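Enquirer: Any chance you could fold what I've pasted below:
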Amino acid sequence: MEYTGTRRVQKFGRSTLMVSLPADWVKKVGLKPGDNVAIEVLDDGSIKVKPLTYETKKLRKTIYIRISKLTSEELVSRMLYAAYVIGFDTVTIEVIDGYLTEPQLKTLRRMARSLIGVEIVGQSPNKLTLQFFVDPTKYSLPGLIGRMCNLIKSMLQHLVLGIAEKQHFFSEVLELETELDRVYTLSVRQLVLASQDTSLAKAIGITTSLVTAYRAIAKSLEDAGDALSAAAFELNNLSEEQLTKLDQAIDYLKESSEMLITITDRLMRALIERDLILANKILNALREFDNYIRRYHLLLFKSYGLDETYLIIRSILEKMSWAATSIESAAEVLFDISFAFRSPEIDLEKLGAETII
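Expert: So this is what the prediction gives:
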C-alpha cells in the first residue's frame, strides 16, 4: 500500500517541529505510542522512517518454481541464477508431473556449488529446496570489486607462467575464472538488494544512485576474466612443441601481462579512493598499452610472417587486448564516479593537475 499526500509541520514546545504519521501506515506496521523508530536521511534530502521492530525483522523472500520433468536443465539453471541475483533467500523447485531427472539434479547441484552461500536444505524425488545463506551486510561492494581485480591479476600471472614453465598454470587460470564468476554474481546480488534498501547500500559502501555504475564496473571485470580464460583455454590445447615456439616471445608477453597487472592494481586503488587523477592515469596507461600491442603486432609480422608461431602469439595478444578493452570500460565508469564524487567544485591544481597528460 502506498501513502501519498502532505502533512503540515507543527511546532511542539519552544523549538521542536512535529509531523503526524499516516494512520493506515501506523496500523499496518503495528506502531504504538512509545515505540522507537529509525530515521534515515537519504541522498536527495528526504528522510525514511522505519519502526525498529520492522527494521530488525526482515521478511525472508521465498519463491516456488513448478516445472515439468521435460523442462530443460538450461531453463532450470537460468531460473535459479535469476532467483539468486534478484535477492531471494529460499528457492523450492518442484516437478508436477513426475520426478526430478538426472540432468536437472546435476544442474541444480552444479549451480549450488557455483554460487556463493548456496546450500541444498531439502530434497525429495520430485522437489528440491535451496537456501541462500548470504548476509548482505558482510560483503562490501568495493571489497568484492577488489577481489575481482586480484583474481584478474592472478590470472595474468598464471598465464605467463604457463608459457614459461609448460606446467599446470593454464588450468589454474580456468579455475580462477570460475571463482571470478562466483564473485561477480554475488556482487550483482548485492547491487540489486542495495537498489531496494538505502541503508544496505550505505552498509556495503555505495549509494543507490551508483548501483548501475558499479554493476557496469563488475561486468567489465567479468568480461576481462572471460578474455583471459579464452587465452588460457587456447594455450592449454597447444602441443608442447607449439608452446616451446612461444619461448622467443615470452619477454613481450610477460611485459604485456605486467602492464595489465599494474593497471588493474591502480584500478583497485582508484576505486577505493575515488581518485579522479589516478582514474585518468589508468585511461592513459590503457591507451599506451593499446599502442604497445599494435607495435608488437607489426614487429611479429616482420619477424615471422604468417607462420604458426605468429598466428598463435597474435591470437593470445588479441585476447589480452580484449581484456584491456574491458578494463578500460571499467576505468571510464570509475572516472565518472570519481568526477561526481568531487563535484560540484573541482580544483585540478590541488588534485595534481600537473600530472595529467
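Enquirer: any idea how far the closest residue in space to residue 136 that isn't next to it in sequence is from residue 144?
Expert: Counting by Cβ to Cβ, 6 or more residues apart in numbering, residue 193 is the residue found nearest to residue 136 once chain neighbours are left out, at 5.2 Å. C-beta here means a position set from N, CA and C on the backbone, and glycine is covered the same way. Going from residue 193 to residue 144 by Cβ to Cβ, to the nearest Å gives 13 Å.
Enquirer: Let me know the helix or strand that residue 121 is in.
Expert: Assigned by DSSP states H and E, residue 121 belongs to strand 118-124.
Enquirer: Against which helices or strands is that strand packed?
Expert: Counting contacts by 3 or more Cβ pairs under 8 Å, 6 or more residues apart in numbering; DSSP states H and E, strand 118-124 packs against helix 102-114, strand 127-132.
Enquirer: re earlier: helix, strand, or coil at the residue nearest to residue 136?
Expert: Look at residue 193: counting by DSSP: H, G, I helix; E, B strand; the rest coil, its state is helix.
Enquirer: isn't it right next to residue 85, touching?
Expert: No: between residue 193 and residue 85 there is no contact under Cβ atoms under 8 Å: 9.7 Å.
Enquirer: that older thread, compile the helices and strands packed on strand 118-124 into TSV and extend it with columns for mean pLDDT and mean neighbour count.
Expert: Listed next are those as TSV, based on pLDDT from 0 to 100; neighbours: other Cβ atoms under 10 Å:
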stretch	mean pLDDT	mean neighbour count
helix 102-114	94	15
strand 127-132	96	20
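Enquirer: With respect to residue 333, which of those lies nearest?
Expert: With Cβ to Cβ as the measure, helix 102-114 is the member of the helices and strands packed on strand 118-124 nearest residue 333 (26.2 Å).
Enquirer: quick one: that closest one to chain centroid distance?
Expert: Relative to its parent chain, helix 102-114 has a centroid offset of 23 Å by Cα atoms, centre = their mean, to the nearest Å.
Enquirer: hmm, who's touching that helix?
Expert: If you take Cβ atoms under 8 Å, 6 or more residues apart in numbering as the criterion, helix 102-114 is touched by 67, 69, 71, 73-74, 76-77, 80-81, 93, 95, 100, 118-120, 128, 130, 178, 181-182, 185.
Enquirer: Strands - which of these land there?
Expert: Judged by DSSP state E, these include 67, 93, 95, 118, 119, 120, 128, 130 as members of strands.
Enquirer: residue boundaries of the helices in the stretch 101-250 of the chain?
Expert: With helices called from DSSP state H, counting those that start in this stretch, the stretch 101-250 of the chain shows them at 102-114, 141-165, 169-196, 198-203, 211-236, 240-245, 250-273.
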